[in-house]
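Trainee: For reference, the sequence and a predicted model appear below.
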Amino acid sequence: MHYALLSGLLADAVALEDLNAVLQDESSDSMVRPLLHKVEQWLDKDEHAMLVKREFARLFLLPGGVKPYESIYRGTEPLLMQEPWVQVRDFYRRSGWQLERSPLPEDHAAVELSFMAHLRGDGATTEAARFFQQHVSTWIPQLLEDIASHRYADFYGSVAEYGRRFLAREKRVHHNHSPPWDFEGRKMDS
């Protein structure tokens, strides 16, 4: 649930009414309560839909915002479609997962988190742990930190805090079950 939720929040400006309904259903989960509180605050604002779209654009689309791509964070230069993009794409291909009609490249945070939701939903815990360690944990926590500290982040600052708490918990889970693979997925010697 958390991977899919975080993916959707980073993919596009969210409709607060829809998000509120989802979070209300999950309100017993302490991880979502602070985000639910922020959504409720924003729903009280006039023109909240426009405000969310404006904040999303300032954070993710306009110059001076954050760039939610693994290639930007882990590549040799701050450019798209570098080696991390190739590695993510190859991981998807080896897993039999295909990105369908998305305007987002394979190494966008929303796509990587969607893939994690897919792996979890299919019960592919070994692959999920490997993808988390090789990709998600190597750059998305920093992305979320950059979002949280961005001057235009109010609503999305709460989204980033939610994501940081969730990924910190996931890191503890995956750290305790580290598979013995290298970056390309080959079994390492003990």
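Mentor: Nice, thanks for sending it over. Numbers count the residues shown, from 1 in each chain.

Trainee: Settle this for me: His118 is touching Gln98, isn't it.
Mentor: No. Applying C-beta atoms under 8 Å as the test, His118 and Gln98 come out as separate, 10.6 Å apart. To be clear about C-beta, it is placed using only N, CA and C from the backbone, and glycine gets the same treatment.

Trainee: So between these two, which is more surrounded?
Mentor: Higher neighbour count among His118 and Gln98: His118, with 18 against 7, using other C-beta atoms under 10 Å.

Trainee: Return the distance of the more buried one relative to Ala124.
Mentor: Using C-beta to C-beta, to the nearest Å, His118 is found at 8 Å from Ala124.

Trainee: Phi, psi for Asp154 please.
Mentor: Asp154 adopts backbone torsions of phi -120, psi -70, taken as degrees, to the nearest 10.

Trainee: so it sits right up against Glu55, yeah?
Mentor: Yes. Counting by C-beta under 8 Å, Asp154 touches Glu55, with 6.4 Å between them.

Trainee: who's more crowded, those two?
Mentor: Legend: neighbour count by other C-beta under 10 Å for Asp154 and Glu55, higher for Glu55 (21 against 14).

Trainee: So which bits of the helix or strand harbouring that one are buried?
Mentor: Glu55 is located in helix 48-56, with elements delineated by DSSP states H and E. By neighbour count with 16 or more other C-beta atoms under 10 Å, helix 48-56 contains the buried residues His48, Leu51, Val52, Glu55, Phe56.

Trainee: and the next helix or strand after it, what's its mean pLDDT?
Mentor: Using DSSP H and E, the helix or strand that follows helix 48-56 in sequence is helix 70-74. Averaged across helix 70-74, pLDDT comes to 97.

Trainee: List the contacts of helix 70-74.
Mentor: 78-85, 88, 107, 109, 112, 135, 138-139, 142-143 (C-beta atoms under 8 Å, 6 or more residues apart in numbering).

Trainee: What's the PyMOL line that selects buried ones from the residues you listed?
Mentor: In PyMOL, this line selects whichever of these come out buried by 16+ other C-beta under 10 Å:
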select buried, resi 82+84+85+88+107+109+112+135+139+143
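
Trainee: Which ones among the contacts of helix 70-74 map onto helices?
Mentor: Counting by DSSP state H, the part of those found in helices is Glu83, Pro84, Trp85, Val88, Ala109, Glu112, Thr138, Trp139, Gln142, Leu143.

Trainee: Can you list the low-confidence ranges for the protein?
Mentor: The chain contains residues with pLDDT under 70 at 175-190.

Trainee: could you say what helices and strands the helix ranked longest in it packs with?
Mentor: Secondary structure assigned by DSSP H gives helix 155-176 as the longest helix of the chain. In terms of contacts (3 or more C-beta pairs under 8 Å, 6 or more residues apart in numbering; DSSP states H and E), helix 155-176 is packed against helix 2-11, helix 33-43, helix 48-56, helix 137-149.
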